[in-house]
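Undergrad: Model the structure of this input:
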Amino acid sequence: MAKAIWNGEVIAESDDIVTVEGNKYFPVSSIKKEYFSESDTHTVCPWKGTASYYNVSVSGSENSDAAWYYPAPKDAAKGITDRVAFWRGVEVTD
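TA: This next block holds a predicted model:
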């Protein structure tokens, strides 16, 4: 079971992980939504498309743009549709 942990709290957990470019993408249904809020940040990947971000908040601490997802990935990245990946200090374990 893969877990995403930040600030001592499990924020996502799943056996259904897709790895792309070394990043583990969790199903959006596996994230604990109470820790996530939409960010205004967007970036563009030439082959995956436009990414959107979530801020992660646990126990009063916020980790800005710590999770990202592709709302409408390009055809080459369809495998990460409805999936979320993490960085910025979020620990992902297998």
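Undergrad: What helix or strand is T41 located in?
TA: In the assignment (DSSP states H and E), T41 maps to strand 36-45.
Undergrad: In that strand, which residues are buried?
TA: F36, S39 (16 or more other C-beta atoms under 10 Å). C-betas here are computed from N, CA, C, even on glycine.
Undergrad: quick one: that strand to chain centroid distance?
TA: Using C-alpha atoms, centre = their mean, to the nearest Å, the distance from the centre of strand 36-45 to the centre of the chain it belongs to is 10 Å.
Undergrad: Equivalent analysis for stretch 27-35, please.
TA: That offset, for stretch 27-35, works out to 9 Å (C-alpha atoms, centre = their mean).
Undergrad: let's have the chain start at 6 instead
TA: Got it, the first residue is 6 from now on, which makes the last one we talked about stretch 32-40.
Undergrad: Can you mark which positions in the helix or strand following the strand holding T46 are buried?
TA: Next helix or strand after strand 41-50 toward the C-terminus (DSSP H and E): strand 54-63. Neighbour counts over strand 54-63 (16+ other C-beta under 10 Å) mark G54, A56, S57, Y58, Y59, N60, V61, S62, V63 as buried.
Undergrad: Toward the C-terminus, what is the element adjacent to strand 54-63?
TA: That would be, after strand 54-63 and using DSSP H and E, strand 66-74.
Undergrad: pLDDT (mean, whole number) over that following strand?
TA: Confidence for strand 66-74, expressed as mean pLDDT, is 98.
Undergrad: Where does pLDDT dip in this protein?
TA: Within the chain, no range satisfies pLDDT under 70.
Undergrad: Excluding chain neighbours, what is closest to R88?
TA: Distance criterion C-beta to C-beta, 6 or more residues apart in numbering; nearest residue to R88, sequence neighbours excluded, is Y30 at 3.7 Å.
Undergrad: Please name the residues that touch that neighbour.
TA: Contacts of Y30 were listed using C-beta atoms under 8 Å, 6 or more residues apart in numbering, and they are I22, V23, T24, I85, R88, V89, A90.
Undergrad: now do N28
TA: A90, F91, W92.
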